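Visitor: From the sequence below, what's the structure:
(chains A and B)
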Number of protein chains: 2
Amino acid sequence: MKLIDGKHVSEVLRKEIALQVSEWISESGRRPHLAAILVGTDGASQTYVNNKEKDCREVGIDSSVYRLSDSIGQQELLDCIKVINEDPGIDGLIVQLPLPSHIDEQVVIQNIDPSKDVDGFHPVNVGRMVLGLPTFLSATPAGILDLLKYYDISTRGKECVIIGRSNIVGRPLANLLSSKGDPGDCTVTLCHSRTLNLQTICRRADIIVTALGVPGFLKADMVKDDAVVIDVGITRVPAPGTKSGFRLAGDVDFDRVAPKCSYITPVPGGVGPMTRVSLLKNTLAAAKNNKNQSSL
Amino acid sequence: MKLIDGKHVSEVLRKEIALQVSEWISESGRRPHLAAILVGTDGASQTYVNNKEKDCREVGIDSSVYRLSDSIGQQELLDCIKVINEDPGIDGLIVQLPLPSHIDEQVVIQNIDPSKDVDGFHPVNVGRMVLGLPTFLSATPAGILDLLKYYDISTRGKECVIIGRSNIVGRPLANLLSSKGDPGDCTVTLCHSRTLNLQTICRRADIIVTALGVPGFLKADMVKDDAVVIDVGITRVPAPGTKSGFRLAGDVDFDRVAPKCSYITPVPGGVGPMTRVSLLKNTLAAAKNNKNQSSL
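Guide: Next comes the predicted model:
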């Protein structure tokens, strides 16, 4: 069994990105710039945005955060997005989700200029991904592809079972892994809450990806020998006696599943650190494609 | 075994659409209008476009065909699309594919106004389909969903194997059938040229959809008892002694597979007739959503 070390891979990739950013700054005479909109004061959202700022700083990307009150109206938020869309000095824009319930997330996402949509959530970028056209891949699917690539895990012709059909993990990953390419060319089965006989289905998989958020869901008897297991779940579970009072748990019953696997991701330290890398890649790509760049 | 009669279902749906079109004309004071661009003189393409015109006429939709020489430059074609995009009297626009090799089909598709893209090929409409947002579903996947619905074939929790990952059939259908809904909520496995053990995979399917274009590919030993088989393949094979010299063959070894099935589509007369219905539905929907309608 080999542990997939997402922390290590993400550090390797960050160094590569930092180098590319530095080269691009020399050529273009300016720095890539990511804008983030944060609505409200949710603790987790604040942490995520702070981390994104820190990540940018470390690779040489400028960032700015627009902090808006959670009482902001939808139209005001859209006006803010419009200003950023039209700002030639900003290459990428993310709106930290979730948004307050009086705001329609889909409307917000659809108002982001697709060429600045470095989260890859705009329908046109989702469509481009599905059609195999160049686009911004969203964070988690991109991170998983990077892990498979780094460890040179063969995917062609492999049976891959993905558990969870969310629009940000399971569904895009199903489309990507079933497409032509490497990683890709898998025979993908997408499972979800309505799937019957999940144990049988999982047992036929060469590669299993769990994206459920149910700690310890994937048991050893659901995994065949030498499978590759990618655990996207990350849930806080109470851990009395620890400093924080909680620990992070994945969807996989790690201690029992790991001995059967050829490769497995731990939680934390597997997929998690990778999800922060694609935003940096996408922002650099957005800067390179920024058509208004010459007018700066 | 029950035969899925696509000819009959398509006639039922056409009558419904004709009624809806007539109601809408009474309310709006105008007729929906579909424009088709036909480049060159390919016989099959001409037939398809003629059929589409005929279909429109029969349900009360106006149509116009822009016939362009196959020596037309890409920019001239894009200019033609722009004129149609901006014409408030035209609700839907299709560009008959394939296009001559000097023209980039993706560029052409991406220049169609998404609100007139009644083929559902524009990336933003593909993305909306994948995300479960309202959009124009493309012809073949929509036709298959309509057949499943008409025959009240239960899909929830069923294992569905789709053979063929094309952007116009297999891939969109995989996304639709794995989404929440009815038809939907299937556990979908998407198979393709790199899939290994296809026989084993097919034998576990409650529903098999073949979209390969290889006559007689799906044999009886690949199908479990009581499966539902949907045959999208339609290939001309030589048939000496017939008037035309050919006959239409599906991907399924029909005579041997049919007795094992609970439901099966014939070729011709199964999926084929259904694919012509969704264009009419989409054109009516486009007319209803035509924002310039009030300025007419």
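Visitor: what residues go with each domain of chain A?
Guide: Per automatic domain parsing, the structural domains of chain A span A:28-113, A:139-272.
Visitor: Can you say which of these is packed in most?
Guide: The highest mean neighbour count among these, using mean count of other Cβ atoms under 10 Å in any protein chain shown, belongs to domain A:139-272: a mean of 20. Placement of C-beta: from N, CA and C, glycine included.
Visitor: What parts of the stretch 151-296 of chain A come near chain B?
Guide: Proximity of the stretch 151-296 of chain A to chain B, by Cβ under 8 Å from any Cβ of the partner chain, involves residues A:156-157, A:159, A:165, A:167, A:171, A:174-175, A:178-179, A:185, A:187-192, A:194-196, A:201.
Visitor: Mark which of the residues you listed are part of helices, please.
Guide: Mapping these onto helices (DSSP state H) picks out A:171, A:174, A:175, A:201.
Visitor: Max pairwise distance over those: which two?
Guide: A:175 and A:201 (18.7 Å; Cβ to Cβ).
Visitor: Tell me the helix or strand right after the helix ranked longest in chain A.
Guide: Identified as the longest helix of chain A according to DSSP H is helix A:6-28. Per DSSP states H and E, the first helix or strand lying C-terminal to helix A:6-28 is strand A:33-39.
Visitor: strands paired with that following strand, and their directions?
Guide: Within its sheet, strand A:33-39 is paired with strand A:62-68 (parallel), strand A:92-95 (parallel), according to DSSP bridges.
Visitor: helices and strands around the helix or strand just after that strand, which ones?
Guide: Where DSSP H and E defines the elements, the next helix or strand beyond strand A:33-39 is helix A:43-59. Counting contacts by 3 or more Cβ pairs under 8 Å, 6 or more residues apart in numbering or on different chains; DSSP states H and E, helix A:43-59 packs against helix A:6-28, strand A:33-39, strand A:62-68, helix A:271-289.
Visitor: any chance of these in CSV, plus distance to residue A:120 and mean pLDDT?
Guide: Output for those, formatted as CSV (distance: least, Cβ to Cβ, whole Å; pLDDT from 0 to 100):
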stretch, distance to residue A:120, mean pLDDT
helix A:6-28, 17, 98
strand A:33-39, 14, 98
strand A:62-68, 18, 98
helix A:271-289, 7, 97
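Visitor: Adding distance to residue B:220, write the ones you listed out as a markdown table.
Guide: What follows is the helices and strands packed on helix A:43-59, written out as a markdown table (distance: least, Cβ to Cβ, whole Å):
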| stretch | distance to residue B:220 |
| --- | --- |
| helix A:6-28 | 46 |
| strand A:33-39 | 57 |
| strand A:62-68 | 61 |
| helix A:271-289 | 43 |
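Visitor: To residue B:252, which of the ones you listed lies closest?
Guide: Going by Cβ to Cβ, the one of the helices and strands packed on helix A:43-59 nearest residue B:252 is helix A:271-289, 40.4 Å.
Visitor: Kindly format the C-alpha coordinates of that closest one as PDB.
Guide: Provided in PDB are the C-alpha atoms of helix A:271-289 (Å, rounded to 0.1, in the frame of the first residue of the first chain):
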ATOM      1  CA  VAL A 271      -7.100  15.600  -1.700                       C
ATOM      2  CA  GLY A 272      -7.500  18.600   0.600                       C
ATOM      3  CA  PRO A 273      -4.200  20.400   0.000                       C
ATOM      4  CA  MET A 274      -4.500  19.800  -3.700                       C
ATOM      5  CA  THR A 275      -7.800  21.700  -4.000                       C
ATOM      6  CA  ARG A 276      -5.900  24.900  -3.200                       C
ATOM      7  CA  VAL A 277      -3.500  24.500  -6.000                       C
ATOM      8  CA  SER A 278      -5.900  24.700  -9.000                       C
ATOM      9  CA  LEU A 279      -7.000  28.100  -8.100                       C
ATOM     10  CA  LEU A 280      -3.500  29.400  -8.500                       C
ATOM     11  CA  LYS A 281      -3.000  27.500 -11.800                       C
ATOM     12  CA  ASN A 282      -6.300  28.900 -13.100                       C
ATOM     13  CA  THR A 283      -5.500  32.500 -12.000                       C
ATOM     14  CA  LEU A 284      -2.100  32.400 -13.800                       C
ATOM     15  CA  ALA A 285      -3.900  31.000 -16.900                       C
ATOM     16  CA  ALA A 286      -6.500  33.700 -16.700                       C
ATOM     17  CA  ALA A 287      -3.800  36.300 -16.500                       C
ATOM     18  CA  LYS A 288      -2.100  34.900 -19.600                       C
ATOM     19  CA  ASN A 289      -5.400  35.100 -21.500                       C
END
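Visitor: Brilliant, that's me finished.
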